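*Asks:* this is a predicted model, with the sequence first.
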Amino acid sequence: MVMSMRALPGRASRATLDAPRASVTRTSAHVDQRRRLLRAVGELVAERGYSDVTVELIVKRAHVSYKTFYKHYRSKEECFVDLFSIAFQATEKRIREALQEPELSWSDEVVVALRTLVEAIVAEPEMARAVIVESPTVGPAITARYELATKAFAPLLRAGREQNPRGPELPETIEDTLAGAVFWAAYQRLVVGEAEALAEHLPVLTELILRTYLGPAEAARIARAEAAAAPQPAFA
């Protein structure tokens, strides 16, 4: 199945933003400067909110000059929009790669995609907060991209109609609504600083998505299996 979707920031974005420097060349120095600027803007937006971040704060956090900043970006907005795009593309790639596992059923694909998304958010909560929680405050430059992100899983979910004899009768907007529920669940946890709690919520989210297509009993069974397979917290 080919999915057309955007996904959320995670380990892939961390590799993109924090890759170790090799021998310094003009090209590698340019890439490293950009990487530091992107991480700086993400961290600052997560900490302070987009409106309270300035170019001055970004260059100080990234340890670069104003000249270097403006060599890469014309404004704070352009820098943040670049972070948004890179973070989503990186995690989209991670989810696509996870779905390459052979012989996955449709429900398996949903479980894997949701799990990969949650792992990505938990791995990079600051970047996830910046991109998911703060992006709407940026304005028109990011509105359309953000709207696409809230519907990220809709193409994958739409294939579930084939699992339900009444699939064609389902509301046309049901996939956008369910995809939005995934996004909203992440938003709620991130806004209160509880990214790790999203992992505990994963079985509930899985059941919510699957029951529309597979019915409550089968959705609950799959959600229980997901909960049983999840790593258990260690207690001292």
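*Replies:* Good, I have the coordinates.
*Asks:* what's the mean pLDDT across stretch 156-163?
*Replies:* Averaged across stretch 156-163, the pLDDT comes to 94.
*Asks:* try stretch 173-185
*Replies:* 94.
*Asks:* in that stretch, what's buried?
*Replies:* Of the residues in stretch 173-185, 174-176, 178-180, 182-183, 185 count as buried by neighbour count, 16 or more other C-beta atoms under 10 Å. Where you see a C-beta, it was placed from the backbone N, CA and C, and this is true even at glycine.
*Asks:* and for stretch 44-53?
*Replies:* Buried residues in stretch 44-53 (16+ other C-beta under 10 Å): 44-46, 50, 53.
*Asks:* show residues contacting that stretch.
*Replies:* With contacts defined as C-beta atoms under 8 Å, 6 or more residues apart in numbering, stretch 44-53 is touched by 41, 57-58, 61, 76, 80, 125-127, 129-130, 133-135, 137-138.
*Asks:* start to end distance for it?
*Replies:* End-to-end distance of stretch 44-53 (C-alpha to C-alpha, to the nearest Å): 6 Å.
*Asks:* distance between that stretch and the chain's centre?
*Replies:* How far stretch 44-53 lies from its chain's middle: 19 Å, per C-alpha atoms, centre = their mean, to the nearest Å.
*Asks:* farthest-separated two in the contacts of stretch 44-53?
*Replies:* Farthest-apart pair in the contacts of stretch 44-53 is K76 and P125; separation 21.8 Å (C-beta to C-beta).
*Asks:* on that earlier part again, among the buried residues of stretch 173-185, which lie within helices?
*Replies:* 174-176, 178-180, 182-183, 185 (DSSP state H).
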